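# what follows is a predicted structure for the sequence shown.
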Amino acid sequence: MVLVSNVYCEVSAIGTSNTFLCTSCKETAANGATLAAAETAICAGCVAGSFSTAGTGAASGSVLCTACGANCTLATCSAAAAGNCSTCNPGSWHATNDGADSACTACAFCTATLSATNCTACVIPATTATLGYFVTGGSTCTCTVCSANCYACTSAAACTTCFATTTNTLGKYNVADGTCADCGALCAICTSASVCTTCITDNWLNAAGVCAACGTGCSLCERMVNALNVEFGGCTACDATYILEDNACGLLGSNCASGTGVGSCTICSAEFYLHTATCTACVAGCMTCSTATDCSACMTGYTEPPVSNVCSACVANCYACVSATTCSSCHAGYFIDTAGCTACIANCTACTDGTTCTAAKCAAGYVNNGTTNVCDSCPSNCTNYVWPATCTDTSTCTTAGCATGYFKATAGGCSACGSNCNTCSSATVCSACATGFFVVSGACTACAANCDTCTVANECATTGCSTGFTFMDTNNDCSATLTTADCASN
């Protein structure tokens, strides 16, 4: 007698495997005899999401379980065929025969349907900075993308919720015509282009609802009013190496880590020591010192600890040493020998001699062959190092080992993604595009010229323009940033 479990039964006599589809297993055949081990156990019932057919031969009196088709609601498919369903999942419908047992077809971006021609609800974007969809009328089940910078809409011309932004990005607001527009400069949340309610970090909001930048060295500031009733951006927190004094940030001093006031340093940065409230450099190779001649810790690549308060350089390719001629640790790709540090074999990052490479220590794009312990080349375009190796042998790349723009093919090598695609699961399914492109239905579509990031073809995100270019909200594209000389000439 063989009883595998209440969810896993096999019918070896028929050659069918019903893994994880049985509710219980049958132990005896139709004639009451105990099933032989060669026949193993047989399903007595099927789980929701599968349908049953009668067993034959040794499996007579039992059932075979087959999974329902895609997009089929659990426990509602018939025995007519694996792809048939009585009820479809939300967002799917009977494409060939509404209400009867037939295959379910998914409606793109739709989460609920009344019939084959009526989508009643579209998907809700995963983030509040992703374009939404609205139900499109007509003879097909269709959801259409909202207009630029719109998270929720009722039509292409009626946005109800614009992209939500953080305090680090330029905000959006609903315009009367149902579209989304940028807030004013430096503004994260606004009610119109001229009235801001929350500024982007490192800026402050004045009484008129306009944002202005904090002062130099100031990381946080807010609106304050002086004795003359004049408003200003008073600093409440300073950047590193600055100190807060009278609502402003002053520079502590060159190479100073902490102090009590501008020009009054108490703790210097590494490689410097305090001398009359200013920071002076230690001797060459010294990390920590109290005077120009008193070194207590040396930098990497120098003797550690210091010898007579002096840091001497280690021998070539030595990472750490106890004297100028005695190395205790070599740089990657070298090993310690009597001469100091000697190079490992080609493409090896760690070894103990000059003829073999330590296991799992070949450079990216190479693999230890395990026989002579040398580093052999991985397949073409298999160059990303993922521990313990980029590839398992000279013909098989690891799942994450393929270079940018390539994916692991069935044969084990790396095949090219589609045009302008950096990450993909196949030549036709892209998940991340190169700079200046974005994913649309698995392919890469171009942004506007001189734009690095976008969500709409031939347009640019408000903060997505390339260096040297400025976002223009008229056409949502990028124009060359004017210099002082350009302004003077005009």
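Thanks, I have it. Numbering: from 1, shown residues only.

# can you pull the contacts of the nearest residue to C199 once chain neighbours are set aside?
Of all residues not flanking C199 in the chain, C211 sits nearest, at 3.9 Å (CB to CB, 6 or more residues apart in numbering). (Each C-beta comes from the backbone N, C-alpha and C, glycine too.) Counting by CB atoms under 8 Å, 6 or more residues apart in numbering, C211 makes contact with G184, A185, L186, C187, C196, C199, I200, N203, W204, L205.

# what's opposite C211 in the beta bridge?
L205 (DSSP bridges).

# which of the contacts of C211 tops the neighbour count?
Taking other CB atoms under 10 Å as the neighbour criterion, C199 ranks highest of the contacts of C211 with 30 neighbours.

# give the contact list for it.
For C199, the contact set (CB under 8 Å, 6+ apart) comprises T167, L186, C187, A188, L205, C211.

# what about the residue nearest to the spatial centre of the chain, which helix or strand?
Nearest to the mean C-alpha position of the chain, by CA atoms, centre = their mean, lies A432 at 9.5 Å. According to DSSP states H and E, A432 maps onto strand 429-433.

# just the CA atoms of the helix or strand just after that strand, as CSV, please.
Using DSSP H and E, the helix or strand that follows strand 429-433 in sequence is strand 437-440. Taking Å, rounded to 0.1, in the frame of the first residue of the first chain, the C-alpha atoms of strand 437-440 are listed here in CSV:
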residue,chain,number,x,y,z
PHE,A,437,13.6,55.4,-23.2
PHE,A,438,10.7,53.9,-21.2
VAL,A,439,8.9,50.5,-21.3
VAL,A,440,5.6,50.3,-23.2
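
# any buried residues in strand 437-440, and which?
F437, F438, V439 (16 or more other CB atoms under 10 Å).

# restricted to strands, list the contacts of C211.
Taking DSSP state E as the definition of strands, the contacts of C211 contribute C187, C196, C199, N203, W204, L205.

# dump those residues into TSV; add distance to F407 and pLDDT as well.
Formatted as TSV, those follow (distance: CB to CB, whole Å; pLDDT from 0 to 100):
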residue	distance to F407	pLDDT
C187	42	89
C196	45	90
C199	43	89
N203	43	90
W204	48	92
L205	48	93
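
# quick one: which of those is nearest to V225?
W204 (12.0 Å; CB to CB).

# ok, for the closest one, nearest residue in space, not its chain neighbours?
G233 (4.0 Å).

# could you do A432 as well?
Per CB to CB, 6+ apart, closest to A432 is T423, 3.9 Å.

# flag the shaky bits of the stretch 51-200 of the chain, pLDDT-wise.
By pLDDT under 70, the weakly predicted segments of the stretch 51-200 of the chain are 52-67, 69-71, 73-84, 90-91, 93-102, 106-108, 113-118, 137-141, 166-167.

# strands of that one, start to end?
63-67, 92-94, 104-106, 110-115, 118-122, 133-136, 142-145, 150-155, 158-162, 172-174, 180-182, 187-190, 196-199 (DSSP state E, counting those that start in this stretch).

# which ones are touching the closest residue to T390 other than its chain neighbours?
Nearest non-adjacent residue to T390, counting by CB to CB, 6+ apart: G401, 4.4 Å away. When the contact criterion is CB under 8 Å, 6+ apart, the partners of G401 are C378, C382, T383, N384, Y385, V386, A389, T390, C391, K408, C414.

# PyMOL command for the buried members of these?
Only the buried entries of the contacts of G401 go into this PyMOL selection, using 16+ other CB under 10 Å:
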select buried, resi 378+382+383+384+385+389+390+391+408+414
